[in-house]
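Enquirer: Provided below are the primary sequence and the corresponding predicted coordinates.
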Amino acid sequence: MNKIIIAIDGYSACGKSSTAKAVAAALGYSYIDSGAMYRAVTLYFIQHYVSLDNEREISRALNNIEIEFRIPPGRTDGISETYLNGLNVEEEIRSMFVSDMVSDVSKIPQVRRFLVAQQQKMGKKKGIVMDGRDIGTVVFPQAELKLFLTADINERARRRQAELLAKEQLVSLKEVIENLQKRDLIDTTRAESPLRKAEDAIEIDTTFVTFDEQVEIVLRKAYRKIMYAADEVSQ
Ligand code: CDP
């Protein structure tokens, strides 16, 4: 069967990651959470007091960063987690202190170059679902299927608050909304590869759709693209 690349972009907390994960599992594709990579770099910068306006310090720090996605021992659902220099940082990178800083780190061109190169390598063999902000525009402009997810800000905040609560992090709705709005603003206005919908991306508003419906919509589009890719090869 022909393999394709699926790029899922959109604003913060629109359900990109959960959709991407489910779609990848259904297709037997690998799933890459590019946001987790920006979050891991941010965690390293916080831990090592890296100054965001010092290019030399940033380069030195990036040279010391290795990010991997691995299935941790004992996890039976096949879902991988984020490792920073050999340590599982999945919980820490989702915390509010990382969320507060991640968009400022993500606008640094050196950081983007460093991560985009790794992401492109991961997609060499196709059969991948990657979610983020610049996947359809910069990382994989040739992706066969591009989606752009949106949702109402209150719904997004409610979903994110529930996710945090499930991890025993109690954060007020107001704080979540402020964080999402702040990140959306930085992500859409930065000079280097800002968040925007690729011209050939399909926009899906997830406000009133259930999670299962959302996955179903994407899968239907993916199967069509996979069949189309197979037709093109056989011609
Ligand atoms: O899950 P959530 O929507 O909160 O965000 P994320 O996907 O974990 O991404 C966290 C942050 O990383 C975003 O707000 C962006 O600043 C940055 N990011 C980016 O710049 N480019 C990407 N491809 C992915 C994330």
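Expert: Happy to help now that I have it. Remember, predicted model here, so these are calculated numbers, not experimental data. Residues are numbered from 1 along each chain as shown.

Enquirer: please count neighbours and contacts with C-alpha atoms only from this point.
Expert: OK.

Enquirer: and the strand or helix carrying residue 118, what does it pack against?
Expert: Assigned by DSSP states H and E, residue 118 belongs to helix 109-122. Where contact means 3 or more C-alpha pairs under 8 Å, 6 or more residues apart in numbering; DSSP states H and E, helix 109-122 is packed against helix 34-47, helix 55-63.

Enquirer: leaving out sequence neighbours, find the closest residue to residue 164.
Expert: Spatial nearest neighbour of residue 164, chain neighbours left out: residue 170 (6.8 Å); criterion: C-alpha to C-alpha, 6 or more residues apart in numbering.

Enquirer: so that neighbour makes contact with residue 162?
Expert: No: here residue 170 does not reach residue 162: they are 9.0 Å apart, not a contact under C-alpha atoms under 8 Å.

Enquirer: which one of these two is surrounded by more residues?
Expert: Set residue 170 next to residue 162 and count neighbours by other C-alpha atoms under 10 Å: residue 162 wins out with 15 against 12.

Enquirer: contacting residues around the host helix or strand of that one?
Expert: Per DSSP H and E, residue 162 falls inside helix 153-166. In this structure, residues lying in contact with helix 153-166 by C-alpha atoms under 8 Å, 6 or more residues apart in numbering are 12, 13, 14, 95, 170, 171, 172, 173, 176, 177, 180, 207.

Enquirer: what about these, which are in strands?
Expert: Using DSSP state E, no member of the contacts of helix 153-166 falls within strands.

Enquirer: now the longest helix along the chain: buried residues?
Expert: Ranked by number of residues, the top helix in the chain under DSSP state H is helix 211-234. Applying a neighbour-count criterion of 16 or more other C-alpha atoms under 10 Å, one finds 214, 215, 218, 219, 222, 225, 226, 229 buried in helix 211-234.
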